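Participant: Please work out how this folds:
(chains A and B)
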Protein chains: 2
Amino acid sequence: MTDRMYRIALASRPTGAPETANFSYEEAPMPSPGPGEVLVRVHYMSLDPYMRGRMDDAKSYAAPVPIGGTMEAGGVGEVIASNDPAFAPGDFAFGMFGWATHGVQPARMLRKIDPSAMPITTALGVLGMPGFTGWFGLMEHGKPKPGETLVVAAATGPVGSMVGQVARLAGLRTVGIAGGADKCRIATETFSFDACLDHRAFDTAADLRRALAAECPDGIDIYFENVGGKVLEAVLPLMNNFGRIPVCGMISWYNAGGLGAGASEPGLSAPALWRSILVKFLSVNGFIISNHFDRYPDFLSEVAPRVASGEIRYLEDVAEGLENAPAAFMAMLRGGNTGKQIVKLI
Amino acid sequence: MTDRMYRIALASRPTGAPETANFSYEEAPMPSPGPGEVLVRVHYMSLDPYMRGRMDDAKSYAAPVPIGGTMEAGGVGEVIASNDPAFAPGDFAFGMFGWATHGVQPARMLRKIDPSAMPITTALGVLGMPGFTGWFGLMEHGKPKPGETLVVAAATGPVGSMVGQVARLAGLRTVGIAGGADKCRIATETFSFDACLDHRAFDTAADLRRALAAECPDGIDIYFENVGGKVLEAVLPLMNNFGRIPVCGMISWYNAGGLGAGASEPGLSAPALWRSILVKFLSVNGFIISNHFDRYPDFLSEVAPRVASGEIRYLEDVAEGLENAPAAFMAMLRGGNTGKQIVKLI
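Facilitator: From the prediction side, this is the model:
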């Protein structure tokens, strides 16, 4: 066993979109597990849009990554040393190991993964945090009812594809939004969306709104919000009375600096947004899945069998090597990936 | 019985704040009740901020008042002719008679009022639509818990004063916002707010936020939204995680024209608003009380005894004469009234 590990640290805070210089690839001594701790060699790590938020020092639901600190990420890998009876070498586990080849965590912070049941990568996507986010937000805040219409953007991503599939199985009309004709085809063919619109094909929110209106003849009852920006602006006028908007992200606005005055794209003002909530009696709920881990067993028991049977499908986009994680992350923020973005480390 | 009545019609749509020229005082023939209808002589009519919205032709939860149409309002008065067995001359009733001295309504659209139980004006304020709005929004969407902190603006108005009093009786710390030192004194002395801030004393949202922070040492759990603008901007950074924002109005933005691009006051952008909802897991619910009349009996049975006993107090501001209704309405939109604005017609 090597005595060195590798990690990617936050070298500097980005202004707008992250750049290569914001990351540094570093060698570090192999950590040793203390009492009750477990050392894991990470096979796959997850890249997710929320990590962009951790690079800023704005107040948020989680502390920012400090300059010089390891970038945050979930990962799945093999236990190579354990000081806790719950784990033995050779076991597989999911944990927050960061952008790193190895990590030490207290055993209670790890979740054991059965590699014979499903590919271990599913613990990062369809059966991990993103899939759980989609399922929870839809069921808890979206309150889907048969015959209603749902819209979700990033429709081929791990959150959007879960939302769309669960909604469709619940009897809703599902309309996805994605970047590019290929993703739209995947949305309808792989994820069974009733329709999917390529947001790149529309210059303005008004154009996108007209196209959405045609695909949503009965209006929109649930808009599952993960992007903000132009899509939000297009959707709002089409929301039905008593519509629901679960808000789990706003990726199109993540690079908008401090998100303060003037960060809005032209056309959507705070009063216009507030007025839509008022006059359509909307229910808007922000959430982050880490507050709701008590529901994870419910999610797994409902969704895992449907993934195993193929009723709920998933798509992964795998980059190779820790050193390529920053490029894969930056590409993901621009929509360059297709499906759940993962980095293979071994 | 005279054969003439008087009404105020919408002469033209305002741009920004309404002006005298937007209203016309008109004489009209006395209407006759048809089958199942009731003719009422209105003693008191209500003026409420929502009426500003009806003057625009923007899409909203209710159709706009047409040019030349009678301005909408609730009123309470005496039945002078009835073609329905449920009402007899001499009965008192509440109904949507508009800005008018008399009105005809189907009997099923009227609510009988017992003038011996409470002053009939209470049917317009503390026990009418505004009081019900405050109670319902707080209980249904605010979900108050003892020990929490609530903030509401227009604290001496009929909605804000109900919200503050019901919240305080439920064990919350209540902080009001009002326009002027006199109203702040009324908020704490009459309506038992723990504190009240005069928004006119603060030039910027940041100044108001600092003062609010001092009065809300444990943050804000419920912000009952009826004003928008500077108050919303001051409140958002102080909201606690899992906070609730029932939205029943945004009076400071009602005169902002189309409320589209650029209508926001500087400083609060749509992304900043959206981000607060996301990172603090806020629950934001727009509502209008007319969708919830099924809960009105619950409201009355809970609140009316407390009004009768003096535990819940109210304040009315009475203008005299229909011809003065436009001036009273315009003053109310500027915060010139103190307590529920009513017009005495007889």
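
Participant: Low-confidence regions, the stretch 51-200 of chain A specifically.
Facilitator: The stretch 51-200 of chain A contains no residues with pLDDT under 70.

Participant: one more time with 90
Facilitator: A:53, A:58-63 (pLDDT under 90).

Participant: Alongside chain B, which residues does it contribute?
Facilitator: Within reach of chain B by C-beta under 8 Å from any C-beta of the partner chain, the stretch 51-200 of chain A has these residues: A:59-61. For every residue, glycine as well, the C-beta is placed using N, CA and C.

Participant: In strands, which of those residues appear?
Facilitator: Judged by DSSP state E, strands contain none of these.

Participant: List buried residues within these.
Facilitator: Neighbour counting over those (16 or more other C-beta atoms under 10 Å in any protein chain shown) leaves A:60-61 as the buried ones.

Participant: hey, where'd the helices end up in the stretch 101-250 of chain A?
Facilitator: For the stretch 101-250 of chain A, helices defined by DSSP state H, counting those that start in this stretch occupy the ranges A:129-136, A:158-169, A:181-189, A:205-215, A:229-235.

Participant: List the contacts of A:Glu215.
Facilitator: A:175, A:194-195, A:197 (C-beta atoms under 8 Å, 6 or more residues apart in numbering or on different chains).

Participant: picking that back up, now the residues of the stretch 51-200 of chain A next to chain B in a markdown table, please, with extra columns for distance to B:Leu138.
Facilitator: Below are these laid out as a markdown table (distance: C-beta to C-beta, whole Å):
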| residue | distance to B:Leu138 |
| --- | --- |
| A:Lys59 | 28 |
| A:Ser60 | 29 |
| A:Tyr61 | 26 |
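
Participant: now, which of the residues of the stretch 51-200 of chain A next to chain B sits nearest B:Ile220?
Facilitator: B:Ile220 has its nearest neighbour among these in A:Lys59, at 15.0 Å by C-beta to C-beta.

Participant: Kindly confirm whether my reading is correct that A:Ile80 touches A:Leu39.
Facilitator: Yes - counting by C-beta atoms under 8 Å, A:Ile80 sits close enough to A:Leu39 to count as a contact (5.4 Å).

Participant: which neighbours do these two share?
Facilitator: Counting by C-beta under 8 Å, 6+ apart, the residues touching both A:Ile80 and A:Leu39 are A:His102.

Participant: Among those two, which residue is more densely surrounded?
Facilitator: Legend: neighbour count by other C-beta atoms under 10 Å in any protein chain shown for A:Ile80 and A:Leu39, higher for A:Leu39 (24 against 16).

Participant: Sticking with the more buried one, tell me its helix or strand.
Facilitator: A:Leu39 belongs to strand A:37-46 when assigned by DSSP states H and E.

Participant: So for that strand, what gets flagged as buried?
Facilitator: Those would be A:37-46, for strand A:37-46 by 16+ other C-beta under 10 Å.

Participant: domain assignment for chain A?
Facilitator: A:4-124+A:314-344, A:129-289 (automatic domain parsing).

Participant: ranking those by burial, who's on top?
Facilitator: Highest mean neighbour count of these: domain A:129-289, a mean of 22 (counted as mean count of other C-beta atoms under 10 Å in any protein chain shown).

Participant: Compute the first-to-last residue distance for that one.
Facilitator: 7 Å (C-alpha to C-alpha, to the nearest Å).

Participant: give me every residue that touches A:Thr204.
Facilitator: Counted by C-beta under 8 Å, 6+ apart, A:Thr204 has contacts A:230, A:267.

Participant: can you check A:Arg7 too?
Facilitator: A:25-26, A:28, A:70, A:98-101, A:322.

Participant: cutoff 7 Å now
Facilitator: A:26, A:28, A:70, A:98-100 (C-beta atoms under 7 Å, 6 or more residues apart in numbering or on different chains).

Participant: In three-state terms, label it for me.
Facilitator: Classification of A:Arg7 using DSSP: H, G, I helix; E, B strand; the rest coil returns strand.

Participant: how far is stretch A:63-76 from where the chain is centred?
Facilitator: Distance, stretch centre to chain centre, for stretch A:63-76: 16 Å (C-alpha atoms, centre = their mean, to the nearest Å).

Participant: Restrict it to CA atoms and write it as CSV.
Facilitator: C-alpha atoms of stretch A:63-76 as CSV (Å, rounded to 0.1, in the frame of the first residue of the first chain):
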residue,chain,number,x,y,z
ALA,A,63,-19.7,26.5,5.4
PRO,A,64,-17.5,27.4,2.4
VAL,A,65,-14.5,25.3,1.6
PRO,A,66,-11.5,27.2,3.0
ILE,A,67,-8.7,28.3,0.8
GLY,A,68,-6.3,25.4,0.7
GLY,A,69,-9.0,22.9,1.9
THR,A,70,-9.9,19.8,-0.1
MET,A,71,-12.9,20.4,-2.4
GLU,A,72,-16.0,18.6,-1.0
ALA,A,73,-17.5,15.5,-2.7
GLY,A,74,-19.2,12.3,-2.0
GLY,A,75,-17.4,9.2,-3.1
VAL,A,76,-17.7,5.4,-3.1
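
Participant: what does that stretch contact?
Facilitator: A:7-10, A:12, A:42-47, A:51, A:54-57, A:92, A:94-100, A:103, A:113, A:120, A:123-124, A:128-129.

Participant: please redo it, this time with the cut-off set to 6 Å
Facilitator: A:7-10, A:42, A:44-46, A:54, A:57, A:94, A:96-100, A:113, A:120, A:123 (C-beta atoms under 6 Å, 6 or more residues apart in numbering or on different chains).

Participant: same check, this time on stretch A:181-189
Facilitator: By C-beta under 6 Å, 6+ apart, stretch A:181-189 touches A:155-156, A:176, A:178, A:193, A:196, A:198.

Participant: What pLDDT does the model give the closest residue to chain B within the stretch 101-250 of chain A?
Facilitator: Across the stretch 101-250 of chain A, the shortest distance to chain B (C-beta to the nearest C-beta) belongs to A:Val247, at 5.0 Å. Looking at A:Val247, its pLDDT is 97.
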